[in-house]
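> quick one: sequence and predicted model below, then my questions.
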Amino acid sequence: QQQVKQSPQSLIVQKGGISIINCAYENTAFDYFPWYQQFPGKGPALLIAIRPDVSEKKEGRFTISFNKSAKQFSLHIMDSQPGDSATYFCAATKSASKLTFGTGTRLQVTL
Amino acid sequence: NAGVMQNPRHLVRRRGQEARLRCSPMKGHSHVYWYRQLPEEGLKFMVYLQKENIIDESGMPKERFSAEFPKEGPSILRIQQVVRGDSAAYFCASSLLGQGLNNEQFFGPGTRLTVL
C-alpha cells in the first residue's frame, strides 16, 4: 500500500526556472512532512519540512505548500540551478517517527 | 565528521551467504532506523531500534532479516541466506529523539548490497 504518492517521476527545468514537485498522502494521522534531497551515491539529506498547522514554509529558494483538506503538499524550487539536479523525495510521518517516502522525482536543471 | 557512518559502502555476496551491515549513529543519538531502497524506488522503512531494544519492526521481512543495536557498538542489520532480490541500497538514519517536534533523521551514505 503506497501511502504517499509523488509526481512527476522526472522533471527537466531550465536554469532560473521554477521546479514543482507534488505529493499526496492518505493517512490523516501523519503530522510531519519533510522533503529530502539525494545525490547519486549519497544518502538523503533533509531539505525542508512542514507541519499541517502551517500552509506554507519558505527557506531560501525552497518553499513547501501544504493543503490539509486535499491531503497534498508540494515543493517549489525557485530560480533552479544546475546544482539542484538531484532526486527529491517527499515523506510523511506520525509523531516524527518512521518515515513513509514517496517514490522520488529526478530533477535535471539544464543550462 | 560526526555524521552517521555505514560500512561497508559496497558489499557483494553470492546467493546463500550472509550479509552484515553496520551503522554507527551520530554522536549522542540513541535512535536508529533502517531503510531499504530498491533501484528506481523510494526508501522503505524496515526497522526502528533504540539501544538494546527493537521498537518497530513492521517493515522487516519475516524471515532471514534481523537487526540489533547493542549497548556498545554499532547497529547491525543481518541478512541470512541472501537472494538476488535482496540487492538494494540499505540506509541507516539516526535521531536524537524517538519522536516529537524537530526529530530530524540524519541519514548515512548507505551500503549497496549486490547479490550474485
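Perfect, I can see it now.

> any regions of chain A where pLDDT drops low?
Residue ranges of chain A with pLDDT under 70: A:1-2, A:96.

> beta partners of the residue nearest the centre of chain B?
Residue closest to the average C-alpha location in chain B (CA atoms, centre = their mean): residue B:34, at 3.4 Å. Listed beta-bridge partners, residue B:34: residue B:47, residue B:92 (assigned using DSSP bridges).

> which positions in chain A make contact with chain B?
Applying CB under 8 Å from any CB of the partner chain, one finds that chain A approaches chain B through A:6, A:32, A:34, A:36, A:41-46, A:49, A:89, A:95-104. C-beta coordinates here come from the backbone N, C-alpha and C atoms, glycine included.

> circling back to that earlier point, and the gap between the residue nearest to the centre of chain B and residue A:72?
29 Å (CB to CB, to the nearest Å).

> how near is the nearest residue to residue A:52 once chain neighbours are set aside to chain B?
Spatial nearest neighbour of residue A:52, chain neighbours left out: residue A:68 (5.0 Å); criterion: CB to CB, 6 or more residues apart in numbering or on different chains. From residue A:68 across to chain B, the span is 18 Å (CB to the nearest CB, to the nearest Å).

> are any of the residues of chain A next to chain B buried, and if so which?
Among the residues of chain A next to chain B, those scoring as buried are A:6, A:32, A:34, A:36, A:43-44, A:49, A:89, A:96-104 (criterion: 16 or more other CB atoms under 10 Å in any protein chain shown).

> helices - which of these land there?
Using DSSP state H, no member of these falls in helices.

> show me which residues of stretch A:4-16 are buried.
Residues of stretch A:4-16 classed as buried under the neighbour-count rule (16+ other CB under 10 Å) are A:4, A:6, A:11, A:13.

> closest to residue A:84 out of those residues?
residue A:13 (8.4 Å; CB to CB).

> that's a strand at the closest one, yeah?
Yes - when DSSP: H, G, I helix; E, B strand; the rest coil is applied, residue A:13 is found to be in a strand.

> please name the bridge partners of it.
residue A:109.

> ok so residue B:85 is a helix residue?
Yes - counting by three-state DSSP, residue B:85 is part of a helix.

> just give the nearest non-adjacent residue to it, would you?
Closest to residue B:85 by CB to CB, 6+ apart is residue B:115, at 7.9 Å.

> do you know the pLDDT at the one you found?
pLDDT for residue B:115: 97.

> what is the burial count for residue A:69?
Residues near residue A:69, counting by other CB atoms under 10 Å in any protein chain shown, number 5.

> could you measure from it over to chain B?
Relative to chain B, residue A:69 is positioned 23 Å away (criterion: CB to the nearest CB).

> using the three-state scheme, assign that residue.
With three-state DSSP as the basis, residue A:69 sits in coil.
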